[in-house]
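In: need the 3D shape of this:
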Amino acid sequence: MEMFSIEKYLDSLPDNVDTIDVSFKNLKYLPDLSKFKNLKELYCKYNKLKSLPILPKKLEILGCCYNGLTSLPNLPENLTELYCYYNELTSLPVLPKNLQKLNCSYNKLTSLPILPDKLEILNCNMNDLILLPILPKNLIELYCSSNNLTLLPVLPEKLKELCCSLNKLTSLPVLPKELKILYCEHNKLGSLPVLPENLKRLYCFNNKLTSLPVLPEDLKSLQCYNNELTLLPILPENLERLYCFGNKLTSLPVLPEKLEILYFYNNPIYEIICYNELIIINKNIKIWNNFRYLYYCLKYRKKFLRIMEPIIKKRYHPSYLYNLNEEDDLDEKLGEW
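Out: Predicted coordinates for the structure are as follows:
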């Protein structure tokens, strides 16, 4: 098979071509592109490039991911999309004002340049970022996971998706009202801010959360496993998926009718009401909560009957349920009590 010649290929193209794609060609360099005055899209992904030539002024899209680039040339003012992930970049050049989409994941960046006002998508995973700069007002999607971030800046009002997982965050800033998706897993969060009403997906697992804020009515998926939660808030009616295993839950709220998936193992409550069917689990949750309610009602009667407290605690404490057998009927036990 004849080896691909980048010079021959470029010479075969008309000068007014608007798209060039030389991806997957095992290229170690790109020659001069200055003759392509009308070039709008350049793709050179999956090669062995260490640098790029001067870019045509009318270029709008540059896809140079999966190379060995250590730097980028000056970016054209018309550039709207830049995909430079999986390289060896330690810094980025000044970003054009018209830039709308930026993916600089999997590099060695320690900082980002000042971002233009019209940037819509920012993806900077797997870098060594310490602090994000001021974010553009029109930012819609922000992906900055797998970095060394300890702090996030004020978030734009129009932001709809935020992914800041796999960092060193101990808190989150105020969340925008338009936010629909929040990924903040694998951090050191001890609490979450107020959740926006439009939020549909919340992934906050592998943190140090001891409680959750009020959950939005439209929330459909909640993954809060591997935290230090002892209670869950009231679950929204539209919730379809709940992953809350690996916590310290001693009770569960009433499950929504639309719930399709529930994983709550590795919790104290799991040993008591574990069944395969959600209907049975929901029934046992109600019974278990009745036990708890009864216990605490009686417990606080000690203000009037202090002498009865040891007897009440021994007879009605929820821990008694840990000794029940699989054959025992919880309804009968509650009736006996």
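In: name the nearest residue to the residue nearest the centre of the chain, ignoring sequence neighbours.
Out: Closest residue to the average C-alpha location of the chain: residue 183 at 1.6 Å, with Cα atoms, centre = their mean. In this structure, residue 183 finds its nearest non-sequential neighbour in residue 163, 4.1 Å apart by Cβ to Cβ, 6 or more residues apart in numbering. Placement of C-beta: from N, CA and C, glycine included.
In: list the contacts of that neighbour.
Out: 142-145, 181, 183 (Cβ atoms under 8 Å, 6 or more residues apart in numbering).
In: possible to save those as TSV with pLDDT, distance to residue 220 and secondary structure?
Out: Shown next, in TSV, are these (pLDDT from 0 to 100; distance: Cβ to Cβ, whole Å; DSSP: H, G, I helix; E, B strand; the rest coil):
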residue	pLDDT	distance to residue 220	secondary structure
142	78	21	strand
143	77	21	strand
144	76	24	coil
145	78	21	coil
181	94	11	strand
183	93	15	strand
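In: nearest spatial neighbour of residue 230, skipping sequence neighbours?
Out: residue 248 (4.8 Å).
In: how far away is that neighbour from residue 219?
Out: Using Cβ to Cβ, to the nearest Å, we find residue 248 at a distance of 22 Å from residue 219.
In: between those two, which has more neighbouring residues?
Out: Higher neighbour count among residue 248 and residue 219: residue 219, with 23 against 14, using other Cβ atoms under 10 Å.
In: correct me, but the more buried one touches residue 197?
Out: No - taking Cβ atoms under 8 Å as the definition, residue 219 is not a contact partner of residue 197, at 9.7 Å.
In: am I right that residue 271 sits in a strand?
Out: No - per DSSP: H, G, I helix; E, B strand; the rest coil, residue 271 lies outside any strand segment and is helix.
In: can you give me the neighbour number for it?
Out: Residue 271, neighbours per other Cβ under 10 Å, totals 12.
In: hey, where'd the strands end up in the stretch 51-200 of the chain?
Out: Along the stretch 51-200 of the chain, the segments classed as strands by DSSP state E, counting those that start in this stretch run 61-63, 81-83, 101-103, 121-123, 141-143, 161-163, 181-183.
In: the fifth one packs against which elements?
Out: In this structure, strand 141-143 makes packing contacts with strand 121-123, strand 161-163, judged by 3 or more Cβ pairs under 8 Å, 6 or more residues apart in numbering; DSSP states H and E.
In: what ranges do the helices span in the stretch 1-150 of the chain?
Out: 6-11 (DSSP state H, counting those that start in this stretch).
In: show me the shaky parts of it.
Out: Residue ranges of the stretch 1-150 of the chain with pLDDT under 70: 1-2, 110-138.
In: and for the stretch 151-300 of the chain?
Out: By pLDDT under 70, the low-scoring segments of the stretch 151-300 of the chain are 274-280, 283, 288, 291-300.
In: now do the helices in it.
Out: Counting by DSSP H, counting those that start in this stretch, the helices of the stretch 151-300 of the chain are 270-273, 278-299.
In: with distance to residue 40 added, can I get the strands of the stretch 51-200 of the chain in a markdown table?
Out: Converted to a markdown table, the strands of the stretch 51-200 of the chain look like this (distance: least, Cβ to Cβ, whole Å):
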| stretch | distance to residue 40 |
| --- | --- |
| strand 61-63 | 7 |
| strand 81-83 | 11 |
| strand 101-103 | 15 |
| strand 121-123 | 19 |
| strand 141-143 | 23 |
| strand 161-163 | 27 |
| strand 181-183 | 31 |
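In: which of these sits closest to residue 73?
Out: strand 61-63 (9.9 Å; Cβ to Cβ).
In: good, wrapping up.
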